[in-house]
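Predicted model and sequence follow; I will ask about them next.
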Amino acid sequence: MEAASIAHVGEHHGPPAANHSSRVEAPLLGMMLFIISEIMVFGAFFTAYFFIRIAQGESWPAPGTHLPALVAGVNTAILVSSSFTLHWAETAIKRGNRFAFKAAILTTFLLGCTFLFIQINEYANIGFAPQDSAQQTIFYSLTGLHGAHVFIGLLLLLTVTVRAFRGHYSPEKHIGVEVPGIYWHFVDAMWIVYFTVYIL
């Protein structure tokens, strides 16, 4: 009778406990795996770009096409700056400096909005359309894909900014800042690669 009682007390109901053997937190690991899959997507578009530019041996850019290198350079500086302000925000919350954290994350969000606004304005004034040639198609495909990622990143940053002003983060709990931060740094890195190989 006593043995049966002990067995009943030790009986476990429901699913087993989650495996925490990994040293990387689940949200961070999930974001890293997602970014790896996104690198493959961008890689497919860059492969098409290299085929058009190098394998076909056509003149680059196509006749009548002007790539706005100066505007893209300014936009690159804006986006790179947003990575620095985001790092400032992450450092500030880890140190418990809420004022600096809120200022930095808001600045990051505004810089990202500025980048996207300039890119949309560039589309409106660039002077060629996606269907004009293969070069123009890949230009819009790459910048459009990146712009979509920037938009998603801005939604994440907006969420972090709203939560920051509501006091949701602390030096002990800031995973909600780090995960979107990894995504945003990835978006910045992809633009630098694009600007280097396509525009220059």
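Nice, I can see it.

Quickly find the element holding S170.
Taking DSSP states H and E as the definition, one finds S170 inside no helix or strand.

Let's test this: mean pLDDT of the longest helix anywhere in the chain, rounded?
In the chain, assigned by DSSP state H, the helix with the most residues is helix 134-165. The average of the pLDDT scores along helix 134-165 is 93.

Would you mind listing the buried residues in the host helix or strand of S81?
Assigned by DSSP H and E, S81 belongs to helix 69-94. Buried positions in helix 69-94, judged by neighbour count with 16 or more other CB atoms under 10 Å: 71-72, 75-76, 78-83, 85-86, 88-90, 92-94. From N, CA and C alone the C-beta is placed, and that goes for glycine too.

again with stretch 32-48
For stretch 32-48, by 16+ other CB under 10 Å, it's 35, 38, 42, 45-46.

hmm, back to that, I'd like the next helix or strand past the longest helix of the chain.
Criterion used, DSSP H and E; the element after helix 134-165 is helix 175-194.

Show me which residues of that following helix are buried.
176-188, 190-191, 194.

quick one: the longest helix of the chain to chain centroid distance?
7 Å (CA atoms, centre = their mean, to the nearest Å).

what angle do it and helix 69-94 make?
Between the axes of helix 134-165 and helix 69-94, defined by axes from the mean of the first three to the mean of the last three CA atoms, to 10 degrees, the angle is 30 degrees.

Now do helix 134-165: which elements does it pack against?
Counting contacts by 3 or more CB pairs under 8 Å, 6 or more residues apart in numbering; DSSP states H and E, helix 134-165 packs against helix 26-50, helix 98-125, helix 175-194.

I'd like to know which helix or strand in this structure has the lowest mean pLDDT.
None of the helices or strands of the chain scores lower by mean pLDDT, DSSP states H and E than helix 2-9, at a mean of 49.

what about G57, which SS state?
Under DSSP: H, G, I helix; E, B strand; the rest coil, the three-state class of G57 is coil.

What's the mean pLDDT across the helix holding S81?
In this model, helix 69-94 has a mean pLDDT of 94.

Would you confirm that L79 contacts M190?
No - when contacts are counted by CB atoms under 8 Å, L79 is not listed as touching M190 (9.9 Å).

Between these two, which contacts overlap?
Both L79 and M190 lack any common contact, where contact means CB atoms under 8 Å, 6 or more residues apart in numbering.

Per-residue pLDDT of the closest residue to G147 other than its chain neighbours, please?
Distance criterion CB to CB, 6 or more residues apart in numbering; nearest residue to G147, sequence neighbours excluded, is Q119 at 5.5 Å. With respect to pLDDT, Q119 scores 93.
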